[in-house]
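Trainee: generate coordinates for the sequence data below:
(2 chains)
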Protein chains: 2
Amino acid sequence: MSIENLSSNKSFAGWHKQYNHYAETLSCTMRFAIYLPPQAANGQKVPVLYWLSGLTCTDENFMQKAGAHRAAAELGVAIVAPDTSPRGEDVADDESYDLGQGAGFFVNATEAPWSSHYQMYNYVVNELPALIEANFPVNDQRAIAGHSMGGHGALVIALRNPQRYCSVSAFSPISNPMNCPWGKKAFTAYLGEDTHSWRDYDASLLMREATQPVPALVDQGEADRFLTEQLQPERLEAAATDSGYPLQLRRHEGYDHSYYFISSFIDEHLRFHANHFNK
Amino acid sequence: MSIENLSSNKSFAGWHKQYNHYAETLSCTMRFAIYLPPQAANGQKVPVLYWLSGLTCTDENFMQKAGAHRAAAELGVAIVAPDTSPRGEDVADDESYDLGQGAGFFVNATEAPWSSHYQMYNYVVNELPALIEANFPVNDQRAIAGHSMGGHGALVIALRNPQRYCSVSAFSPISNPMNCPWGKKAFTAYLGEDTHSWRDYDASLLMREATQPVPALVDQGEADRFLTEQLQPERLEAAATDSGYPLQLRRHEGYDHSYYFISSFIDEHLRFHANHFNK
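Mentor: Prediction:
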């Protein structure tokens, strides 16, 4: 599990670093970024928030645009941002922005030509945390969060692995991918026409059936142009209401789908997660 | 002085907006961004910080990466980010990153082919503030700040127009452009071989001669790869010491030339400027 350092930037008295590593799960070289708060340089092992980004993103979008380092440094939380799909010339791709590279949807693909590399669910749940915990001064307290496609990924991963995560949060998640155009297109390609297997990757379905709930915070902008057709937070809210799930879903007047929305509320997400570590 | 709105994003209860307008000074269409804090929506006229970015940047780099909106919203300060040069197919350019479009150096060019459009000094000092003050709920209290080439621009503009600015700050400014490779290349192209005219655009020289000082804050990272050859903050510091100029210059161990450095200290710059408004 060797990692290659690509860049280092001091940020809020901690460090933002990028690394390459060969991901066995994905059969390709992957880049990720980590923010290590100043506490991690003082012999302290810190908890980790995993951040999953949206369509077209890499590890860089969140680290550069979310303004999250300030609160992470204050709270002593590391942040790890993986890429959003396998990458490389040998990796299947598609011309559209919402399928293929940059659009892995955090599933384990079963269909050709995707299945040989597109195993992002396993990568985020297993290989990446093992790599992080072997190479950095972090403890085994984990939280997971994301935006849009990554919000979908974070919710699905937390709902299916409640023993591994202290808390989960999302901005503008694709809440019911089985029933929206982005999700149907991606799931058909990666998982096939049989929708039975899709159920493992639908947060609204999983939240209805959750028996060991992970505390969840979701923020949604009301001026988000994807709100009605793609994101459908009302489906998640209905699932939580019906099953008694501890979901806090907040709607924010005037905010859109951009990182300006994320940066406006990321401090509250970091505090939410910090409050659930050490419990 | 008509302006065309291109985008609007709610951010920290205020608004980030981009506009196009035809700049008479530059004889081309220019884009700028403005952050309007929530106070500006409540009938209040707010002061304005003008931000000048570095080589290769547009209005977007600072707005997306600096994490400045949070403190601007708290303090009730608007931020205006112009582009770093005239733009367009009819505008002279150069293949290198440090001359031509994206590299206007905030001077009034006198040499062909640059002089017909490259009048960024006049644009930032006169046309842009007039446009902003005619179209947005701002008052006539102004501050100016910038990074690298934009730090040079901010210092030069404040030093030459002390009646127009309450305060000035810079991250990693090109402190003595007459005596560094970036400055010599740009000034030779834009201003000609006669170095006499260069003196109007050199912060270290201007600071030695300042008679009406504008309070100045400069932050410099000690791990900045441009520190010794291009930035030379010691020249600015020597000028301030010799002339008794109110310059606070801080060196920060480990920080580089990136926006991670800027974001780490931008709150302190905003507070510095807020403290000098209304005096």
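
Trainee: ramachandran angles for the spatially closest residue to residue A:30 that is not a sequence neighbour?
Mentor: Nearest residue to residue A:30 in three dimensions, chain neighbours excluded: residue A:23, at 4.4 Å (CB to CB, 6 or more residues apart in numbering or on different chains). (C-beta placed from N, C-alpha, C; glycine too.) For residue A:23, the backbone dihedrals (degrees, to the nearest 10) come out as phi -90, psi 110.

Trainee: wait, residue A:37 sits on residue A:46?
Mentor: Yes. Judged on CB atoms under 8 Å, residue A:37 makes contact with residue A:46 at a distance of 6.1 Å.

Trainee: and stretch A:259-272, how far out from the chain's middle?
Mentor: Relative to its chain's centre, stretch A:259-272 lies at 14 Å (CA atoms, centre = their mean, to the nearest Å).

Trainee: what's the average pLDDT for that stretch?
Mentor: Averaged across stretch A:259-272, the pLDDT comes to 98.

Trainee: got the residues of chain A near chain B?
Mentor: A:9-13, A:16, A:64-65, A:67, A:69-70, A:221, A:223, A:252, A:254-256, A:258-261, A:263-264, A:267 (CB under 8 Å from any CB of the partner chain).

Trainee: restricted to buried residues, select the residues you listed in PyMOL.
Mentor: The PyMOL command for the buried members of these (criterion: 16 or more other CB atoms under 10 Å in any protein chain shown) is given here:
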select buried, chain A and resi 9+10+11+12+13+16+64+65+67+69+70+221+252+255+256+258+259+260+261+263+264+267
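
Trainee: so what's in contact with residue A:37 and residue A:46 at the same time?
Mentor: A:76, A:77, A:78 (CB atoms under 8 Å, 6 or more residues apart in numbering or on different chains).

Trainee: could you check how far the first one is from chain B?
Mentor: Going from residue A:76 to chain B by CB to the nearest CB, to the nearest Å gives 16 Å.

Trainee: now the residue of the stretch 51-200 of chain A at minimum distance from chain B: phi and psi?
Mentor: Ranked by CB to the nearest CB, the top residue of the stretch 51-200 of chain A for proximity to chain B is residue A:67, at 3.6 Å. Dihedral pair for residue A:67: phi 60, psi 30, per degrees, to the nearest 10.

Trainee: just the buried residues of stretch A:167-186, please?
Mentor: So stretch A:167-186, judged by 16+ other CB under 10 Å, has buried residues A:167-178, A:180, A:182-183, A:185-186.

Trainee: quick one on the thing from earlier: what residues are bridge-paired with the residue nearest to residue A:30?
Mentor: For residue A:23, the beta-bridge partners are residue A:28 (DSSP bridges).

Trainee: contacting residues around it?
Mentor: Counted by CB under 8 Å, 6+ apart, residue A:23 has contacts A:29, A:30, A:86, A:123, A:127, A:128.

Trainee: right, and the second one touches residue A:86 too?
Mentor: So that's residue A:30. Yes. Using CB under 8 Å, residue A:30 is in contact with residue A:86, at 7.1 Å.

Trainee: following the chain past the strand or helix carrying residue A:241, name the next helix or strand.
Mentor: Element membership for residue A:241 (DSSP states H and E) is helix A:233-243. Where DSSP H and E defines the elements, the next helix or strand beyond helix A:233-243 is strand A:247-252.

Trainee: what about whatever helix or strand comes next after that following strand, distance to the chain center?
Mentor: Counting by DSSP H and E, the element after strand A:247-252 in chain order, helix or strand, is helix A:259-276. When distances are taken as CA atoms, centre = their mean, helix A:259-276 is centred 14 Å away from the chain's centroid.

Trainee: so the closest residue to chain B within the stretch 101-250 of chain A, which state does it fall into?
Mentor: Closest residue of the stretch 101-250 of chain A to chain B, CB to the nearest CB: residue A:223 (6.9 Å). Taken by DSSP: H, G, I helix; E, B strand; the rest coil, the conformation at residue A:223 corresponds to coil.

Trainee: residue A:7 reaches residue A:15, doesn't it?
Mentor: No. The criterion here is CB under 8 Å, and residue A:7 misses it with residue A:15 at 10.1 Å.

Trainee: these two: who's more crowded?
Mentor: residue A:15 (20 against 12; other CB atoms under 10 Å in any protein chain shown).

Trainee: for chain A, which segments count as helices?
Mentor: A:60-65, A:69-75, A:120-122, A:128-135, A:149-160, A:181-191, A:203-209, A:233-243, A:259-276 (DSSP state H).

Trainee: quick one: those helices as CSV, columns for distance to residue B:271 too.
Mentor: Formatted as CSV, the helices of chain A follow (distance: least, CB to CB, whole Å):
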stretch, distance to residue B:271
helix A:60-65, 23
helix A:69-75, 14
helix A:120-122, 42
helix A:128-135, 35
helix A:149-160, 33
helix A:181-191, 42
helix A:203-209, 41
helix A:233-243, 37
helix A:259-276, 18
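
Trainee: just those: most buried one?
Mentor: With neighbours taken as mean count of other CB atoms under 10 Å in any protein chain shown, the helices of chain A reach their highest mean count in helix A:149-160, at a mean of 29.

Trainee: which strands and helices sit next to that one?
Mentor: With contacts defined as 3 or more CB pairs under 8 Å, 6 or more residues apart in numbering or on different chains; DSSP states H and E, helix A:149-160 has these neighbours: strand A:46-52, helix A:120-122, strand A:138-147, strand A:167-171, helix A:203-209, strand A:216-221.

Trainee: now do the contacts for the residue nearest in space to the middle of chain A.
Mentor: Nearest to the mean C-alpha position of chain A, counting by CA atoms, centre = their mean, stands residue A:52 at 2.4 Å. Residues in contact with residue A:52 (CB under 8 Å, 6+ apart) are A:81-82, A:84, A:106, A:124, A:144-147, A:149-151, A:153-154, A:157.

Trainee: switch the cut-off to 10 Å
Mentor: A:62, A:80-84, A:104, A:106, A:120, A:124, A:144-157, A:170, A:173 (CB atoms under 10 Å, 6 or more residues apart in numbering or on different chains).

Trainee: likewise residue A:146?
Mentor: So residue A:146 contacts A:50-54, A:57, A:62, A:81, A:84, A:106, A:124, A:152-157, A:168-174 (CB under 10 Å, 6+ apart).

Trainee: go again using 6 Å as the cut-off
Mentor: Listed by CB atoms under 6 Å, 6 or more residues apart in numbering or on different chains, the contact partners of residue A:146 are A:52, A:153, A:154, A:170.

Trainee: residue ranges with poor pLDDT in chain A?
Mentor: Where chain A drops to pLDDT under 70, the residues are A:1, A:279.

Trainee: can you rerun that using 50?
Mentor: By pLDDT under 50, chain A contains no weakly predicted segment.

Trainee: OK, contacts around residue A:270?
Mentor: Neighbours of residue A:270 in contact, by CB under 6 Å, 6+ apart: A:71, A:72, A:75.

Trainee: the same query, at a cut-off of 10 Å, please.
Mentor: A:49, A:66, A:68-75, A:77, A:79, A:143, A:145, A:169.

Trainee: any idea how far residue A:75 is from it?
Mentor: From residue A:270 over to residue A:75 the distance is 6 Å, taken as CB to CB, to the nearest Å.

Trainee: so what sits against both of those two?
Mentor: Contacts common to residue A:270 and residue A:75, judged by CB under 10 Å, 6+ apart, are residue A:49.

Trainee: and residue A:219, what does it touch?
Mentor: A:147, A:151, A:169-173, A:233, A:248-252, A:255, A:261-262, A:264-266, A:268-269.
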